[in-house]
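In: Quick one, what's the 3D model for this:
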Amino acid sequence: MAGSERICVGAIGGAFGVKGEVRLKSFCADPAAIADYAPLYSEDGKREFDLVLTGILNNGLSARMSGITTREQAEAARGIRLFAD
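Out: Got it, this is the predicted structure:
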């Protein structure tokens, strides 16, 4: 973990589809720029996510994230705020 403070760049909004993709809310000025900040971290720093954007949705993006491979895991991750160094 880097010594710098982390900033919140987005949040997981729940599952998208059945193959573990997530709905992603980006707080970046250019929403797709969230991928440039990967790896992203949970607020407590215990989880780290690599991120691949897979599409644009009405209220955000769809993405594949490391460690989330099923719809159930994606739903369980709903509400996790994502932080970048």
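In: Adjacent strands (with direction) for the top strand by length along the chain?
Out: In the chain, with assignment by DSSP state E, the single longest strand is strand 7-16. Strand pairing for strand 7-16, using DSSP bridges, gives strand 21-26 (antiparallel), strand 81-84 (antiparallel).
In: Just put those strands in a markdown table and tack on mean neighbour count, distance to Glu43 and mean pLDDT.
Out: (Glycine included, C-beta is placed from N, CA and C.) Output for the strands paired with strand 7-16, formatted as a markdown table (neighbours: other C-beta atoms under 10 Å; distance: least, C-beta to C-beta, whole Å; pLDDT from 0 to 100):
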| stretch | mean neighbour count | distance to Glu43 | mean pLDDT |
| --- | --- | --- | --- |
| strand 21-26 | 22 | 15 | 98 |
| strand 81-84 | 20 | 5 | 98 |
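In: Which among these is found nearest to Ala63?
Out: With C-beta to C-beta, the closest approach to Ala63 among the strands paired with strand 7-16 belongs to strand 21-26: 4.8 Å.
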